[in-house]
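Asks: here is a sequence together with a model predicted from it:
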Amino acid sequence: MISAVILAAGESKRMGQPKMLLPWGESSVLAHVISVFRRAGIEDILVVTGGAREQVEELAAGLGARTVFNETFQRGEMLSSIQCGLGVLLQEKEKVAALIGLGDQPQVQAGSVRRVCEAFLETESSLVVPSYRMRRGHPWLLARPLWEAMLKVKPPASPRDFLNAHAEEICYVNVDDPTILADLDTPEEYRRWQGKS
């Protein structure tokens, strides 16, 4: 089974308020992300929480997603959240891959998420990464054989460094979807993308 690990632990300092809870369409940013992954066929969704923990966990639970709290979220490192999620999945033998998604990427398309999963099932690659105009984006997939290697990564190394170190193992999926490159960090980005949704 492919599980989604949605990173939603940030403190939203540049946004000035918890961005996972901001309105998006008829729901919220995080709720929309979860719905996109569901439409893409992902049944098991694990949300990594940190900032605004209680509200984010309540929101995720109401949508049938599991949560795990990243105790080191205040350091602001994506790596620690990925490792936090993988630590949970590692205990579940039926999980074969983790789809690493961003909680602040509500504009991402279900079709792009689905294509990454399909590429994994077709190729059994250890890493599957979506690409738009030669630029890597999210969500990307990490198969179980590489989980231990990711868990051993130490700061200041980043997920990008990990991908670079395993470049020869990456299966790229070219998508005509610029949303895989964008997340919502500032009020300006939020307003711009919300206007396009």
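Replies: Done, it's in.

Asks: just the CA trace of the helix or strand of the chain with the lowest mean pLDDT, in CSV.
Replies: Lowest by mean pLDDT, DSSP states H and E among the helices and strands of the chain is helix 187-194, with a mean of 88. The C-alpha coordinates for helix 187-194 follow below in CSV (Å, rounded to 0.1, in the frame of the first residue of the first chain):
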residue,chain,number,x,y,z
PRO,A,187,-0.2,36.2,2.0
GLU,A,188,0.7,37.3,-1.6
GLU,A,189,1.2,33.7,-2.7
TYR,A,190,-2.0,32.6,-1.0
ARG,A,191,-4.0,35.3,-2.7
ARG,A,192,-2.4,34.6,-6.1
TRP,A,193,-3.1,30.9,-6.1
GLN,A,194,-6.5,31.2,-4.5
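
Asks: give the buried residues for that helix.
Replies: Buried residues in helix 187-194, counted by 16 or more other C-beta atoms under 10 Å: Glu189, Tyr190, Trp193, Gln194. From N, CA and C alone the C-beta is placed, and that goes for glycine too.

Asks: now the residues you listed in CSV, with distance to Gln109?
Replies: Shown next, in CSV, are the buried residues of helix 187-194 (distance: C-beta to C-beta, whole Å):
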residue, distance to Gln109
Glu189, 18
Tyr190, 18
Trp193, 13
Gln194, 16
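
Asks: ok, back up a step: ok, and what's touching the least confident helix or strand of the chain?
Replies: Outside of helix 187-194, the residues within contact range by C-beta atoms under 8 Å, 6 or more residues apart in numbering are Met15, Gly16, Lys19, Leu22, Trp24, Pro106, Gln107, Thr179, Ala182, Asp183, Leu184.
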